[in-house]
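1. I need the structure of the sequence given here:
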Amino acid sequence: RKANSVNISDVLNAMEEDLSVSESNEEEEFIDPESAVVTKIKSFDPSKAISIKEAIFALDYIDHDFHVFRDEESNEVSVMYKRNA
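-> Numbers count the residues shown, from 1 in each chain. Here you go, the predicted structure:
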């Protein structure tokens, strides 16, 4: 062989590696930039019923726009929320 000759099998192997890299890049999952993102998950125990006054206090204390609680008068799960004035 000549000093600067190239082995054809080396060239073919390199081409296969290049193709497999580009195919794996195409197979990556598309991520929609406009999709909703979950930033926080919070759970609560609705087994203890509380009064409306306690729910109001909790709503102010937690500094959220809403509070989910079990109303002690009706024993129903309720939602209290702040309105934008």
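2. for the residue nearest the centre of the chain, helix, strand, or coil?
-> In the chain, the residue lying closest to the centroid (CA atoms, centre = their mean) is Val38, at 3.7 Å. The three-state label given to Val38 by DSSP: H, G, I helix; E, B strand; the rest coil is coil.
3. Distance of it relative to Val77?
-> 22 Å (CB to CB, to the nearest Å). The C-beta positions use only the backbone N, C-alpha and C, and glycine is treated the same way.
4. same check, this time on Thr39
-> On the measure of CB to CB, Thr39 and Val77 end up 24 Å apart.
5. which of these two has more neighbours?
-> More crowded of Thr39 and Val77, by other CB atoms under 10 Å: Val77, with 12 against 5.
6. pLDDT value on Phe66, please?
-> pLDDT recorded at Phe66 is 87.
7. So it sits against Leu59, correct?
-> Yes - between Phe66 and Leu59 there is a contact under CB atoms under 8 Å: 7.4 Å.
8. what do those two both touch?
-> Met80, Tyr81, Lys82 (CB atoms under 8 Å, 6 or more residues apart in numbering).
9. If you rank those by neighbours, which is first?
-> Met80 (15 neighbours).
10. Just list the residues touching that residue, thanks.
-> Ile52, Ala55, Ile56, Leu59, Phe66, His67, Phe69.
11. Can you report phi and psi for the fifth one?
-> Dihedral pair for Phe66: phi -150, psi 160, per degrees, to the nearest 10.
12. And the last one, by the same measure?
-> The main-chain torsion angles of Phe69 are listed as degrees, to the nearest 10 and equal phi -150, psi 170.
13. element containing the nearest residue to it once chain neighbours are set aside?
-> Closest residue to Phe69 apart from its sequence neighbours, by CB to CB, 6 or more residues apart in numbering: Ala55 at 4.8 Å. Using DSSP states H and E, Ala55 falls within helix 52-62.
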